[in-house]
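> what's the 3D shape of this:
(2 chains)
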There are 2 protein chains.
Amino acid sequence: MTIKRHFDEDLRSLCDELLMMGGLCEEMIMQAVRLLTNRDESYLEKVKANEDRVNQLHIEIDDHVLRLIALHQPAAGDLRLLAAALKINSDLERIGDQAVNIAETSMFLCQQPRNIKLGDIPRMVELASEMVRESLDAFARRDVELAQRVIEKDDEEDRLKSQTFRELVQLMQADASTIQRSMDIILIARNLERIADHATNIAEDVVFMVLGKDIRHGAGQRRAPAA
Amino acid sequence: MTIKRHFDEDLRSLCDELLMMGGLCEEMIMQAVRLLTNRDESYLEKVKANEDRVNQLHIEIDDHVLRLIALHQPAAGDLRLLAAALKINSDLERIGDQAVNIAETSMFLCQQPRNIKLGDIPRMVELASEMVRESLDAFARRDVELAQRVIEKDDEEDRLKSQTFRELVQLMQADASTIQRSMDIILIARNLERIADHATNIAEDVVFMVLGKDIRHGAGQRRAPAA
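From the prediction side, this is the model:
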């Protein structure tokens, strides 16, 4: 096999590792939310088991990327792909952290009376998961249009979070007995917003990787690195 | 000048850029907090002006790192340094985002009655800023011991945040008229906790860069990448 074909295969297996890690993160979000909606505390253990796997992959993928750079001395597009992989790896690991936070807050909520309104939380979960999945699909397929659609969805997640905040502050003001529970839901809304932010970061990395153009901070007209 | 000396000089100027960016982030935190404590809304503009500079540096530093990798094809320690620079760059940019969030929430608080207790917030600010500064010092001096002290400080920041949460939930329960203000302080405490998390990430990257050993996720015994 030629060096070039070796490299292409290595890149493919790196992408597979990132997609696997993304799949675990999505599963963690779902498990954390089931803990909340079904009040089934056994999901905490499942989330934690997946966290261990995500953390392991996080270390392995960083390793893998550095090894590929040192071995193949890539330039231009391949180098941008490897830099993107390093960053996506960090974002995925932090998405996993946020899912753990949701699970831990949900454990507190399981101790509380049942009648707390979840409001837009289920919609926020759905949207954040969709954004994670689509940002990784965009990475795997180098699909700039899909990445841009993910970035646009972030505004909707922010809007849902702000609405959730407003509703819960009103609820707390109307009935002080809901304060502790409402605070917990507010924290979960924040975790979901952060997951959407990480998916947005991933989507921005995909655009940069494919076009060599940095769309972060509205710098759409910037040229690719000289590399 | 030899290629090697060129490379060393390029690395030094990359480090300088990161330190400059870190200095701007520290300044942003201070400005955001003065908005809160002095109720001086003119600081919002100052924070935003610094945000523009941080965002510009964020793009330039990424560019710089990719160019250095492509030009010099580094291995081992130098490659780890460049990978660390990419990650530290992302963490600094997000620290700047958190400072902007603090400034924006503080603008709301400026509209509210004066008598809100800041509790441990000043101590949290001091500690978070110290962690940012020391993590970057550790990077510049490749000082693993200093990096490890930064990592240890994160527990104290978490403890202060939890205490702030508890106190403010009690306050809201005792007096519903404080709910909106207390919520804002809780959000600021969260922003500060996240700044400390980013500083911890930077410190962990420094340890990995210097020792080639990944201390994230308690994997202290892991060997360096084969590169």
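> which residues sit in contact with A:V210?
A:V210 makes contacts with A:142, A:144, A:147, as judged by Cβ atoms under 8 Å, 6 or more residues apart in numbering or on different chains. Placement of C-beta: from N, CA and C, glycine included.
> What about A:I102, how many residues nearby?
Here the neighbour count serves as a burial measure; for A:I102 (other Cβ atoms under 10 Å in any protein chain shown) it reads 27.
> again with A:E130
The tally of other residues near A:E130 (other Cβ under 10 Å) stands at 16.
> correct me, but it touches A:E156?
No - the pair formed by A:E130 and A:E156 falls short of the contact definition of Cβ atoms under 8 Å, at 10.4 Å.
> Rebuild the contacts of A:V210 as JSON lines, extending it with distance to A:H217.
Converted to JSON lines, the contacts of A:V210 look like this (distance: Cβ to Cβ, whole Å):
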{"residue": "A:R142", "distance to A:H217": "22"}
{"residue": "A:V144", "distance to A:H217": "18"}
{"residue": "A:A147", "distance to A:H217": "16"}
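> CSV for the residues you listed, including distance to chain B, neighbour count and secondary structure?
Supplementary listing: the contacts of A:V210 in CSV, determined by distance: Cβ to the nearest Cβ, whole Å; neighbours: other Cβ atoms under 10 Å in any protein chain shown; DSSP: H, G, I helix; E, B strand; the rest coil:
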residue, distance to chain B, neighbour count, secondary structure
A:R142, 18, 16, coil
A:V144, 18, 18, helix
A:A147, 17, 27, helix
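> And A:Q73, its phi and psi?
Reported as degrees, to the nearest 10, the phi and psi values for A:Q73 are phi 40, psi 60.
> so it touches B:Q73, yeah?
Yes - in this structure, A:Q73 sits in contact with B:Q73. The criterion is Cβ under 8 Å, and the distance is 4.2 Å.
> need the helix or strand of chain A with the lowest average pLDDT.
Using mean pLDDT, DSSP states H and E, the weakest-scoring helix or strand in chain A turns out to be helix A:3-38, at a mean of 92.
> ok, and for stretch A:176-194, which residues are buried?
Buried residues in stretch A:176-194, counted by 16 or more other Cβ atoms under 10 Å in any protein chain shown: A:178-194.
> show me what contacts A:N101?
A:187, A:191.
> I meant to write A:A84 there.
The neighbourhood of A:A84, defined by Cβ under 8 Å, 6+ apart, consists of A:139, A:205-206, A:208-209.
> for those residues, which one is nearest chain B?
Proximity of the contacts of A:A84 to chain B was ranked by Cβ to the nearest Cβ; the top entry is A:F208 with 8.3 Å.
> And for that closest one, nearest residue in space, chain neighbours not counted?
Nearest in space to A:F208, with sequence neighbours left out and distances taken as Cβ to Cβ, 6 or more residues apart in numbering or on different chains, is A:D214 at 5.4 Å.
> That neighbour: what secondary structure?
When states are read from DSSP: H, G, I helix; E, B strand; the rest coil, the local structure at A:D214 comes out as coil.
> For it, what are phi and psi?
Here the main-chain torsion angles of A:D214 (degrees, to the nearest 10) amount to phi -90, psi 110.
> tell me the average confidence for stretch A:185-202?
Taken as a whole, stretch A:185-202 has a mean pLDDT of 96.
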